[in-house]
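Novice: Predicted model, plus sequence, below.
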Amino acid sequence: MAQEPAKAEAAAAAPKSKKKLIVILAVVLALAAAGGGAAFFLMQKKEDPHHAKAKPAHEGEEAEAEAGEHEEEAEAEGHADPKTALTYVQFETFTVNLLPDPDDKFLQLDLTVEVKGAELAEKFKTQMPVLRNRVLLLLTSKKATDISTPEGKTQLSAELLAELKKPLTASGKPLKVTQVLFTSFVIQ
């Protein structure tokens, strides 16, 4: 009788070990299949529908026009040339007194400038004191009533753009500033 319970335990242990083995094999096969599928998709060349096949030399004008279109598409997708890619430079917050109109008011302004190229963005950062001075001089010449309307803000943005485009040196070239953006604008 003592042998019968031992046989029953051995018989019960055998199916458990087979079940474990089957589960382990299934997990390993699933992982292998997933890895193989991932490798397959990663190894395939991605075909870009935006890139056209090479054109013969006699179709020069058409090829140039298409190349210009592809450059524009690349810029729109973020693959632009770093020398001409639009970059944003953020200024520290400006807090200035406005001209009395009839009472004293002040302006707190956060400003971001859009420039062409990372090189110019770095130049902006190194010349920030000069650029901040230009902005401060322009802001302190304004009255609250001049800049509190949407039209006044648009006019101020245009004036700031013109001021920031000025060359940094007397013999320098105008800076390629494309846009002035207000990220915060408070008059009190």
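Specialist: That came through, no problem. Numbering: from 1, shown residues only.

Novice: Tell me how many other residues surround P129.
Specialist: 7 (other CB atoms under 10 Å). No exception for glycine: its C-beta is placed from N, CA and C like everyone else's.

Novice: all strands of the protein, in order?
Specialist: 86-90, 94-97, 106-116, 177-187 (DSSP state E).

Novice: Any chance of these in TSV with mean neighbour count, mean pLDDT and distance to E159 as columns?
Specialist: Formatted as TSV, the strands of the chain follow (neighbours: other CB atoms under 10 Å; pLDDT from 0 to 100; distance: least, CB to CB, whole Å):
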stretch	mean neighbour count	mean pLDDT	distance to E159
strand 86-90	15	92	18
strand 94-97	14	95	14
strand 106-116	18	94	12
strand 177-187	14	94	9
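
Novice: what's the weakest-modelled helix or strand in this structure?
Specialist: Sorting the helices and strands of the chain by mean pLDDT, DSSP states H and E puts helix 60-77 at the bottom, at a mean of 47.

Novice: thinking again about what came up before, Serialize the strands of the chain to JSON lines and add fields for distance to T126.
Specialist: Formatted as JSON lines, the strands of the chain follow (distance: least, CB to CB, whole Å):
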{"stretch": "strand 86-90", "distance to T126": "11"}
{"stretch": "strand 94-97", "distance to T126": "19"}
{"stretch": "strand 106-116", "distance to T126": "13"}
{"stretch": "strand 177-187", "distance to T126": "16"}
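
Novice: and of the ones you listed, who's closest to A33?
Specialist: Judged by CB to CB, the one of the strands of the chain that comes nearest to A33 is strand 86-90, at 44.7 Å.

Novice: Okay, angle between that closest one and strand 177-187 too, please.
Specialist: 30 degrees (axes from the mean of the first three to the mean of the last three CA atoms, to 10 degrees).
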